[in-house]
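Peer 1: Any chance you could fold what I've pasted below:
(chains A and B)
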Amino acid sequence: MPQPMRLTETERANLVALLDRELSEADAQQLEAKIARSVSARKEVDALEKTWGMLDWLPRLEAPEDFANQTVSLIRSRQMRAERIEGRVRAAAGMAARGTAAVGSIALAALVGFLVVRFAWPDPTRQLAQDLDIVENLDAYRSIPDLGFLEDLSRLGLFSERPAAAGAAPPAAGEGSKDASEMETERPADSS
Amino acid sequence: MSTSETSSKQPIVQDPDARLMLRVKGGDEAAFEELVEHYQNRVLSVLYNAVGQREEAEDLTQEVFLRIYRARHGYQPTAKFCTWVFTIAHNLAANAGRARRKRRTVAIEAHESGPLGPRPQEQLVQDSNPTASAEFRRGEVAELVREAIGKLNDRQRMAVLLNKFEDMGYAEIAQVMGMTPPAIKSLLSRARTNLREMLEPYLDVT
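Peer 2: Next up is the predicted model:
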């Protein structure tokens, strides 16, 4: 049975690779054999080769005489500009670093100042709050004539929930029925 | 370093352009100027046919060398130097193409010729001269070919230019364009078929 003369799509796609010598040996031989038997395939190859040859008409430019010099000069000037910009950026970064350090120092000094004022400096208000109990009862404390009076109260067991000391004499009848407030009011009168 | 590593790197180090670039890396500015002189026409030609305007192509060519110079400190000769050069050129041309398309706010009219200037066929129609095709001068044929190249999409055009101008194989074009060799094979096949369809009517003229 004779082989078909027309090229398949794959063979057609391989034609250019064949002309460019980019086809494998086996594929190239197979395709060449088919081209040899097909007039239309030969025409197609011929047209591809000729139109490829027409691309020789495409212009191949020559750069201006001083192109290399101009290019090197351009590169140098751009490099110098880049270096200048880099220098400016570096200087700006240095300034920013110095500014940051200054701001940091100021912030640190402010923090230290605050801490000193807050914890080391005596605060009269805090002292007053601490002594508030005393201040509130100052009049009562002032009415106490001397330490002996307080010792008497202590012996009576007024400052302790424990019973009075074993050696201490129980208060005399009538006397023991007096409460502290009575004693408090009586004593200044006695002393006076 | 093992022997196999040495032998695999040897052809790359033998690349004279890579050696020049290593000198540039070492601070030799004369070597850089030598590289520019060696590549300027090749890069300019590819970029001119890719973007279609000489001034833009010259600017892009300078940008290619600027990028090479900037990258000199990190240069490692791990591939052919020219592959690296044309990879940069391809990226710049692709960016320029994208930027150009973005700038285009005016609707494209049917007779507009695209990035490569006026179409010779348009002139022919206006001339209404039946024998004009037989009287094409060389410059007109060149214009036809430029127009045909200009009608290819960016990737097809770049692959064709690298193949034609730089004689690069599919593997190397794939490396430059960040694609696989089979993709390049398919891309070039479509590109060459398109070119054949556009240029076949003018084969007799040449």
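
Peer 1: residues touching the most centrally placed residue in chain B, list them.
Peer 2: Centroid check for chain B by CA atoms, centre = their mean gives residue B:46 as the closest residue, at 3.3 Å. When contacts are counted by CB atoms under 8 Å, 6 or more residues apart in numbering or on different chains, residue B:46 touches B:86, B:89, B:93, B:158, B:161-162, B:165-166. Yep, even glycine has a C-beta here, placed from its N, CA and C like the rest.

Peer 1: and it, what pLDDT?
Peer 2: At residue B:46, the predicted lDDT confidence score is 97.

Peer 1: where's it, which helix or strand?
Peer 2: Assigned by DSSP states H and E, residue B:46 belongs to helix B:29-51.

Peer 1: Could you pull out the buried residues of that helix?
Peer 2: Residues of helix B:29-51 classed as buried by neighbour count (16 or more other CB atoms under 10 Å in any protein chain shown): B:31-36, B:38-40, B:42-51.

Peer 1: do you know how far residue A:100 is from residue A:94?
Peer 2: Per CB to CB, to the nearest Å, residue A:100 is found 11 Å from residue A:94.

Peer 1: Equivalent analysis for residue B:95, please.
Peer 2: 36 Å.

Peer 1: other SSEs contacting the longest helix anywhere in chain A?
Peer 2: For chain A, the helix that runs over the most residues, judged by DSSP state H, is helix A:67-115. Packed against helix A:67-115 by the contact rule (3 or more CB pairs under 8 Å, 6 or more residues apart in numbering or on different chains; DSSP states H and E) you find helix B:29-51, helix B:54-70.

Peer 1: Is the last one in proximity to chain A?
Peer 2: It stands for helix B:54-70. Yes - legend: contact between helix B:54-70 and chain A by CB under 8 Å from any CB of the partner chain is shown at B:54, B:57-58, B:61-62, B:65-66, B:69.

Peer 1: how much does that helix deviate in direction from helix B:29-51?
Peer 2: Angle of helix B:54-70 versus helix B:29-51, following axes from the mean of the first three to the mean of the last three CA atoms, to 10 degrees, is 140 degrees.

Peer 1: which other helices and strands contact helix B:54-70?
Peer 2: If you count contacts as 3+ CB pairs under 8 Å, 6+ apart, helix B:54-70 packs onto helix A:67-115, helix B:29-51, helix B:81-103.

Peer 1: pLDDT (mean, whole number) over the first one?
Peer 2: Per-region confidence: helix A:67-115 scores 92 on mean pLDDT.

Peer 1: Next: stretch B:67-82.
Peer 2: The predicted model gives stretch B:67-82 an average pLDDT of 92.
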